[in-house]
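Undergrad: Quick one: sequence and predicted model below, then my questions.
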Amino acid sequence: MNTGKARSTSARQLGTLLGLLVLCCVLWILTPHFLTVSNLLNVLEQSAINAIVAAGMTFAIISGGIDLSVGSVLALSGIVLASVLQAGGGLPLAVVLALATAAACGLLNGVLVTLGRLPPFIATLGMMSVARGLALIWAEGRPISGFEESFRLIATGRPLGIPSPVLITLVVYGLAHVALAHSVFGRSVYAIGGNEEASRLSGVPVRWHKTGAYVVCGLSSGVAAVVLTARLNSAQPTAGIMYELDAIAATVIGGTSLFGGEGTLVGALIGALIMGVLRNGLNLLDVSSFVQQLVIGIVIIAAVLIDTALKRGRR
Amino acid sequence: MSSRTLVSRRVITIAIALTPLALATTVTGCNRQTTGTGDASRPRIAFVMKTLNHPFFLDMKRGAEEAASRLNVELVVQAAERELDVEKQTQIIENLIQTGIQALCVTPSGSKEIASVLGKATRANIPIVVADTRLDQAAAAAANVKFGTFVGSDNYEGGRLAGQFMVQATGGQAKVAILEGIPGHETGDSRLRGFRDAVASSPGITIVASQPANWERDQGFTVFQNMLQAHPEVDALFAASDLMALGAVEAIAAANRTGKVRVIGFDALDDARKAIDAGRMLGSVAQSPHDMGKLSVESAYKLIRGESVPADQKVPITLVTKTEGR
């Protein structure tokens, strides 16, 4: 039973990966500009921020919840980062405080969900507005910009020819994978999402691990904030609007079930790449942004339809 | 069920999911055949706007297209889904650089944030025309942006025009409210500075409230409704854009104060011109987005051909009022 489930999960990932490859082939045929080294690096770099946020989102969704506050937390965390940098606090301190802010938002989300017994949708909807409001108040509505070159290297650096946001994404996914697939915490997150009551009865510290899932989710928004701020050389209090939907879409396209208990990080990564490749390809083909929204929406719905159909087939 | 059938099902459904992409590309493919006959000698110019769901930018697009067809250049117009989204705009420009464009026209969604990607365009030797919203000098220098020309209206002058008209129309006696655009945007900030400077010399004019409504019509409505609650004495309004002014006009009507609050807007949109004719608005500062689009593409064309272009090109600004509007 266990191996059967594992096999179907990896089969689904293979399916998503095939989807990505088919998409790439289609674009390769349609435009000569797609399959070039510089464009592929370009796509990876553009997908990095969504991929990083989606990594955290995967934890929240597998635990049976959701986090709508990621975009706002990203903005708040970016403003903290920029303020510390501008006040001359130095890069390490700025990054630590930005990540701490994001993690604290996640912690609060987790506490509201577990101790406060709020539905995750409501708790994080509230946090979405609170974090956005704090970012706007702190920054007085204005972007904070202009940083030293050393900080900007986080986005503009090209070690070994690879854009540094891509390397950061890989590190995030590496760490997240260890936490999700090879730790007690990760196994508990799956168990809680699969059947919370059963997990509690079998001695899993449900509140503790569930809160942990939201902290991880907040933390990943913080990492994304560092990358985005370096990329635009500016932290905007209005940054990250709708990022929660992009991250949920990437996670879901990658086969994670919104009902919890199922899903993988590799799936989320491929999902983020599918969205990045779609947007990039549609730009290369001169398709208007109106049509892009239509296409992306249909792809999301289709991906979920597949999963539902597959699950029905398995039963 | 074996994993193979799972995979094949998945592939089939993904193929179905990709159908809209295929459709979209066929549609645009046809477009490209009519506009671009694959003639390599036709220069390819990209115009990346803030948004394409605002009449102002649609006018600009029309002007750009006219110039493009007259000069026989291939024009690609793209915009992010949301006006605020500098990251998306950045991505669009990165992607267009990949397609080998020869010149780039852009209306920056953020005058500082856009500098990074314009640095990339500079490194790719693509001449840049900045339209409508100025680049932040310091950010541009930090990212090594070499931009060919700026095409736009003088927003400060436009704000002054609105301020002078406010003084004249109210006889120098008014309690003024202001609806601001998105804070920190060069365009809105300049308009406000111009307006404030113009009314500063009239002691009878006091600014009692000034709040952002983020360029949006619905926010113009709610923010001004709240302002009327907080400051019932308000009898004049300057909105940094017509969409916000039009929202406020509805709020004024809802409060049964039409005609009692004198509204001056910016952009002279069609709806605003109608409101001016109907006496619901007093006036609006007209920019010429059409000319802006046209001049941008013409400048880009000159830059491609190595001709010189002035660094700063102003598009005329006029005031539209009931008497001279028609």
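TA: The structure has been received and is ready for your questions. This is a predicted model, so every value here is computed, not measured. Numbering: from 1, shown residues only, chains lettered A, B, ... in the order given.
Undergrad: pLDDT at the closest residue to residue B:178 other than its chain neighbours, what is it?
TA: Using CB to CB, 6 or more residues apart in numbering or on different chains and skipping the chain neighbours, the partner closest in space to residue B:178 is residue B:210 (3.9 Å). From N, CA and C alone the C-beta is placed, and that goes for glycine too. Note for residue B:210: predicted pLDDT of 92.
Undergrad: Report the separation between the closest residue to chain B within the stretch 1-150 of chain A and residue A:254.
TA: Closest to chain B within the stretch 1-150 of chain A is residue A:15: 3.0 Å, counting by CB to the nearest CB. Using CB to CB, to the nearest Å, residue A:15 is found at 10 Å from residue A:254.
Undergrad: give me phi/psi at the residue of chain A positioned farthest from its centre?
TA: The centre of chain A is farthest from one residue, residue A:201, which by CA atoms, centre = their mean lies 31.1 Å away. Backbone torsions for residue A:201, taken as degrees, to the nearest 10, come to phi -70, psi -30.
Undergrad: any idea how far it is from residue A:191?
TA: 11 Å.
Undergrad: in chain A, which spans are helices?
TA: Secondary structure of chain A by DSSP state H: the helices cover A:2-30, A:37-62, A:70-86, A:91-114, A:120-139, A:149-156, A:164-181, A:184-194, A:196-201, A:206-232, A:243-253, A:265-284, A:289-314.
Undergrad: tell me the most buried of these?
TA: The highest mean neighbour count among the helices of chain A, using mean count of other CB atoms under 10 Å in any protein chain shown, belongs to helix A:70-86: a mean of 28.
Undergrad: How about that one and chain B, any contact?
TA: No. Helix A:70-86 does not reach chain B (CB under 8 Å from any CB of the partner chain); its nearest approach is 10.7 Å.
Undergrad: Pull the CA coordinates from that helix and hand them back as CSV.
TA: C-alpha atoms of helix A:70-86 as CSV (Å, rounded to 0.1, in the frame of the first residue of the first chain):
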residue,chain,number,x,y,z
VAL,A,70,2.9,35.2,1.8
GLY,A,71,2.8,38.2,-0.6
SER,A,72,2.2,40.7,2.2
VAL,A,73,4.8,39.1,4.5
LEU,A,74,7.3,39.3,1.6
ALA,A,75,6.6,43.0,1.3
LEU,A,76,7.0,43.6,5.0
SER,A,77,10.1,41.6,5.2
GLY,A,78,11.6,43.5,2.3
ILE,A,79,10.8,46.8,4.0
VAL,A,80,12.6,45.6,7.1
LEU,A,81,15.6,44.5,5.1
ALA,A,82,15.8,47.8,3.2
SER,A,83,15.4,49.9,6.3
VAL,A,84,18.2,48.1,8.1
LEU,A,85,20.4,48.3,5.1
GLN,A,86,19.8,52.0,4.7
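Undergrad: For it, the averaged confidence score.
TA: The pLDDT scores in helix A:70-86 average 97.
Undergrad: packing partners for that helix?
TA: Judged by 3 or more CB pairs under 8 Å, 6 or more residues apart in numbering or on different chains; DSSP states H and E, helix A:70-86 is in contact with helix A:37-62, helix A:91-114, helix A:120-139, strand A:144-145, helix A:206-232, strand A:234-235, helix A:243-253.
Undergrad: can you tell me the helix or strand for residue B:140?
TA: Under the criterion of DSSP states H and E, residue B:140 resides in helix B:137-142.
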